[in-house]
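K.L.:
kindly return the folded structure for what I paste below:
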Amino acid sequence: MVFVYLADGFEELEAITVITVMRRAAIDVRTVSVSDSRTVTGSKGIAMESDILIKDADYGKCEMIVLPGGGQGTANLGKNALVVSKVKEFAAAGKWVAAICAAPAVLGQAGVLAGHEATVYPGGEQQLTGAKVVADKVVVSGNIVTSRGPGTALDFAFALTGILKGETAADKVKSQMLLV
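P.N.:
Got it, this is the predicted structure:
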């Protein structure tokens, strides 16, 4: 199971792309509101009804946490103590933690990037505390996956799908989506 955290101000393209690609690959993806409301509004004003609230999330079967970016969304993720706590817990346990656009800053804030390569939306490099910053579209470093922004959302989603279901499954979805 994958939890995609949604905070008000999240970047819709990044969240929806990950959710759509993974669900096409039959990965159990749950959207998780990090507030007290299941309705979360993205940076472009699109409201989304999350599957669950973070306070009700059962992490027993969760293999990966995904943080979409968006300036305000990232700030709201970083302000949430439970988000930061779960990111630290997953990273320490060797479980997958993924973030795109500005959201890798939350990983830097959580202190989980030490010894890892990471990427971020241009201008956010100083927030990747402890990381070796690279400018690749998607960076997989140990159990940490980062990506640059909306334009790399498909690359990010397929990388995550490949990690969880294998490259054959990711390639099958690419073919279904007419990307190959």
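
K.L.:
show me the strands in this protein, by range?
P.N.:
Shown for the chain, the strands assigned by DSSP state E span residues 2-6, 29-33, 39-41, 47-49, 52-53, 64-67, 96-100, 117-118, 132-133, 138-141, 144-147.

K.L.:
give me the buried positions along the second one.
P.N.:
Within strand 29-33, the residues scored as buried using 16 or more other CB atoms under 10 Å are Val29, Thr31, Val32, Ser33. Quick note: C-beta positions are derived from backbone N, CA and C, even for glycine.

K.L.:
these two touch, right, the third one and Glu49?
P.N.:
No. Val32 lies out of contact with Glu49 (CB atoms under 8 Å); the separation is 11.9 Å.

K.L.:
in TSV: the strands of the chain, plus mean pLDDT and distance to Ala81.
P.N.:
Converted to TSV, these look like this (pLDDT from 0 to 100; distance: least, CB to CB, whole Å):
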stretch	mean pLDDT	distance to Ala81
strand 2-6	98	13
strand 29-33	98	15
strand 39-41	98	18
strand 47-49	98	23
strand 52-53	98	15
strand 64-67	98	15
strand 96-100	98	16
strand 117-118	98	22
strand 132-133	98	26
strand 138-141	98	25
strand 144-147	98	20
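
K.L.:
ok, which of the ones you listed comes nearest Ala110?
P.N.:
strand 96-100 (8.6 Å; CB to CB).

K.L.:
what's the angle between that closest one and strand 2-6?
P.N.:
If you take axes from the mean of the first three to the mean of the last three CA atoms, to 10 degrees, strand 96-100 sits at 40 degrees to strand 2-6.

K.L.:
quick one: strand 96-100 to chain centroid distance?
P.N.:
Relative to its chain's centre, strand 96-100 lies at 4 Å (CA atoms, centre = their mean, to the nearest Å).

K.L.:
same for it, what does it pack against?
P.N.:
In this structure, strand 96-100 packs against strand 64-67, helix 81-92, helix 104-110, strand 144-147, helix 153-165, with contacts taken as 3 or more CB pairs under 8 Å, 6 or more residues apart in numbering; DSSP states H and E.

K.L.:
can you rerun that using 6 Å?
P.N.:
Contacts defined by 3 or more CB pairs under 6 Å, 6 or more residues apart in numbering; DSSP states H and E place strand 96-100 against strand 64-67, helix 81-92, strand 144-147.

K.L.:
ok so, going back, between the buried residues of strand 29-33, which is nearest Thr161?
P.N.:
Val29 (10.2 Å).

K.L.:
list the contacts for the closest one?
P.N.:
Going by CB atoms under 6 Å, 6 or more residues apart in numbering, Val29 touches Val2, Ile19, Met22, Arg23.
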